[in-house]
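Engineer: what's the 3D shape of this:
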Amino acid sequence: MTASYTEAERAYAAGFMDGEGSIMIMNGYGRRRKDGTHGRYPHVVLSVGSTDECAIDWMTERWPASRHQFLPKTGKAKPLYVATWTAQRAETLVWAMLPYLVIKQPQAMVVLACFDTMVPAGGNRLRPGTLAFRRYLRAKIQAMNKRGVAA
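Structural biologist: Residues are numbered from 1 along each chain as shown. As a prediction, this is how the structure comes out:
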């Protein structure tokens, strides 16, 4: 999965993610199913933001992502550029960065467990117990990402 990236690219991406990024498990919001339930499920999201568009360009040229630009409400701030990876793209990026992550390596290890529960797009519903396991992983990563002083 990581053979096409140089060691320097993988290390730079990891440093950028450690400093400016987020590794999360978030709830998705699917359509209402025939049985009346929602297709709401925890899934992996990686995100990195910067006011330097060149840094986001560099990342998305190597690891394609969804890109967004957030304009400041006043003229005193720069625009914020954000790249977001989900599903297979997120998994590829995590594996590429894993040996070089320092700060966010524990979060990366948690999301790898979530990737193990993924089903192919258009595939069957989640196996019994999988949703509960993903919710457990989501709670675990939320505790890791919580702001404030560590207890």
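Engineer: Parallel or antiparallel, which strands does the longest strand belonging to the chain pair with?
Structural biologist: Across the chain, the longest stretch assigned as strand under DSSP state E is strand 42-50. The strands that strand 42-50 pairs with in its sheet are strand 21-27 (antiparallel), strand 80-86 (antiparallel) (by DSSP bridges).
Engineer: between the next helix or strand after that strand and strand 21-27, what angle do the directions make?
Structural biologist: Downstream of strand 42-50, the first helix or strand assigned by DSSP states H and E is helix 53-62. Here helix 53-62 runs at an angle of 60 degrees relative to strand 21-27 (axes from the mean of the first three to the mean of the last three Cα atoms, to 10 degrees).
Engineer: The helix or strand just after helix 53-62 versus strand 80-86: what angle between them?
Structural biologist: Toward the C-terminus, helix 53-62 is succeeded by strand 66-70 as the next helix or strand (DSSP H and E). Calculated by the same axes, to 10 degrees, strand 66-70 forms an angle of 150 degrees with strand 80-86.
Engineer: what's strand 66-70 in contact with?
Structural biologist: Residues from elsewhere that reach strand 66-70, judged by Cβ atoms under 8 Å, 6 or more residues apart in numbering: 56, 60, 79-86. Yep, even glycine has a C-beta here, placed from its N, CA and C like the rest.
Engineer: Then stretch 20-27?
Structural biologist: Contacts with stretch 20-27, where a contact means Cβ under 8 Å, 6+ apart, come from 17, 40-50, 55, 94, 104, 107-108, 110-111, 114, 134, 137-138, 141-142, 145.
Engineer: Now stretch 110-122: buried residues?
Structural biologist: For stretch 110-122, a neighbour-count test (16 or more other Cβ atoms under 10 Å) marks 110-111, 114, 117-118 as buried.
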